[in-house]
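Student: Could you work out the structure for the sequence below:
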Amino acid sequence: MYVFQLPFHEIKALSDILDAGNSWEELASAMPQIAAEDVNACRQAPSRHTSPTEELLRIWGTKGYSVLQLYKVLAKVKHVRAMKVIRHLVEEKYHRLESDEAGQSARNQANASFASPSCDGAAHRRPSVPSVAASIGSSTKRSVAQSTAASLVQTGASAASSAASSAMLSGLQNTPTVRFEELLDATDRFAATNMVGRGGYGVVYKGYWKHTHVAVKRIQARGDSSVEQEKERLRQSLMELRTLAMYRHDNVLPLYGYSLDGPEPCLVYQFMAGGSLEDRLLCRNGTAALTWTQRLNIANGTSKGLHFLHTIGAQPLIHGDVKSANILLDKHFEPKLGDFGLCRVGQIEVGIEASPLVASHIKGTLAYLPPEFITSKHLSTKLDVYSFGVVMLEVATGLRAYSDRRQPHSIVDFILEARRKVSIGASDEQQSSLVDLADKKAGGDDALRPIFWRLLNVGLLCSDREPTARPVFGQIIAQLD
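Tutor: As a prediction, this is how the structure comes out:
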């Protein structure tokens, strides 16, 4: 069971316990992927007549974590009373975590799964800079880092017969390694003023390297991280490196180089001056709203990038985390797909008769994940199609993919509900209820209204609950061109 599936009774009981004395804040500090802005949103919950704990569980639930992982986080902060509220929802073998007599080893075992929502899926050396492996600390963590990094850089002879592995090795050979000390210079020693973004496994800084503006993703370790966390952190960064080394396309974020000789792995990308699509839709930092023409161009380019990934190899490469925050814009507002840490080889959705490929765990941003992946973990190209559909609805309306401030919360359900209110053969006045969903920030030129309808219709087609009813990207491109 996942956190977002917790029954109301258990949520209410947890809220009663953790709201008292603001105990939820200690829980939040132990939860992976909970940022400062999430904590602030929880603190403001009472002003919206909502429980801070309920808000925290909603936010963490959207990241795909399970009830068992919540139980283990509660064990980590030793909140036994709250653990007992959900003990009937986890296997009995974990109940020993409620007892202090179970010892620290049991708590360490609990910590080992905090790396993420359950998920499947020759560098220049200088003596003056400690290596990634050496910086991790214990001998166990060092071996994790060394073996994981080695699997990336030295794709060995056992894999040499694979065409995909050969292509990956060739891509890496053509991708420059960068000394960590160069990145220190490029980012002014990773100055806070150069920080442009933060994710679950890294911080992105703006830098100036070889007379070129770049973005440097620094895969930082957490002070309380376990061996498994470090392994997952490295796995995602190396997966992203492997993918970007193999696949080059106008609408895939260009990778300039990588560094493995410093205290953390770093990836060096083209700097995207336009920020993320999410930032531009929300007009963050006082930026101008995207025009309808720009929105159509962004939709078109993004669909072409995903079509490339789905068709370039014998098996499709599924991005797995398509969302407006991961679509980056250059200074001309050309879109580039970024953040390939969750990508994996999958299969094309061919119909109900085929045996579905099943992921071992759910990972991604819940508001962008299709029903069949959330409930059954079915993994196919239609996962990316659904996520793209959610993005198209964001682009058409300017609404967020999920919001507590509307009913229904999901943008897909919200727009479907609005459409259901418009009967077949409705009058122009009735039709206006859907037109009113158009993002007013984009401008009200009637001549450009067809772009809104095109984006809305593509979004609804792609976010169909039935995977086989969703189009493939070749068809989507034809509708957007």
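Student: and His378, what are its phi and psi?
Tutor: phi -70, psi 130 (degrees, to the nearest 10).
Student: Would you quantify the distance from it to Ala36?
Tutor: Counting by C-beta to C-beta, to the nearest Å, the gap from His378 to Ala36 is 35 Å. For every residue, glycine as well, the C-beta is placed using N, CA and C.
Student: quick one: which of these two has more around it?
Tutor: Higher neighbour count among His378 and Ala36: His378, with 20 against 9, using other C-beta atoms under 10 Å.
Student: My guess is that one contacts Leu369. True?
Tutor: No. In this structure, His378 is not within contact of Leu369 by C-beta atoms under 8 Å, at 11.0 Å.
Student: what does the model give Gln347 for pLDDT?
Tutor: Looking at Gln347, its pLDDT is 61.
Student: Actually, Gly121.
Tutor: 39.
Student: what does Ser237 give?
Tutor: At Ser237, the model reports a pLDDT of 68.
Student: so how far is Leu434 from Ser463?
Tutor: 16 Å.
Student: nope, Ile11 is what I was after
Tutor: 34 Å.
Student: and if you look at Thr291?
Tutor: Separation of Thr291 from Leu434 (C-beta to C-beta) stands at 21 Å.
Student: now Trp292
Tutor: From Trp292 across to Leu434, the span is 16 Å (C-beta to C-beta).
Student: try Asp464
Tutor: Distance from Asp464 to Leu434, by C-beta to C-beta: 18 Å.
Student: so where's this protein shaky on pLDDT?
Tutor: By pLDDT under 70, the weakly predicted segments of the chain are 100-173, 199-201, 221-237, 239, 347-364, 423-432.
Student: Show me where it has its strands.
Tutor: Using DSSP state E, the strands of the chain run over 195-198, 203-209, 212-218, 255-259, 266-270, 275-276, 317-318, 327-329, 335-337, 344-345.
Student: can you pull the buried residues of stretch 407-416?
Tutor: 409-412, 414-415 (16 or more other C-beta atoms under 10 Å).
Student: er, stretch 204-223 I mean
Tutor: Using 16+ other C-beta under 10 Å as the burial criterion, the residues of stretch 204-223 that qualify are 204-207, 209, 214-221.
Student: ok, now stretch 48-57?
Tutor: Neighbour-count burial for stretch 48-57 [16+ other C-beta under 10 Å]: 50-57.
Student: next one: stretch 1-8
Tutor: 2-4, 6.
Student: if we look at that stretch, which residues are touching it?
Tutor: 57-58, 60-62, 64-67, 69-70, 86, 89, 362, 366, 374 (C-beta atoms under 8 Å, 6 or more residues apart in numbering).
Student: CA-only coordinates of that stretch in PDB, if you can.
Tutor: Provided in PDB are the C-alpha atoms of stretch 1-8 (Å, rounded to 0.1, in the frame of the first residue of the first chain):
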ATOM      1  CA  MET A   1       0.000   0.000   0.000                       C
ATOM      2  CA  TYR A   2       1.200   3.500  -0.800                       C
ATOM      3  CA  VAL A   3       0.900   6.600   1.400                       C
ATOM      4  CA  PHE A   4      -1.500   8.200  -1.000                       C
ATOM      5  CA  GLN A   5      -3.800   5.200  -0.400                       C
ATOM      6  CA  LEU A   6      -4.000   5.600   3.400                       C
ATOM      7  CA  PRO A   7      -7.600   5.400   4.700                       C
ATOM      8  CA  PHE A   8      -9.100   8.600   6.200                       C
END
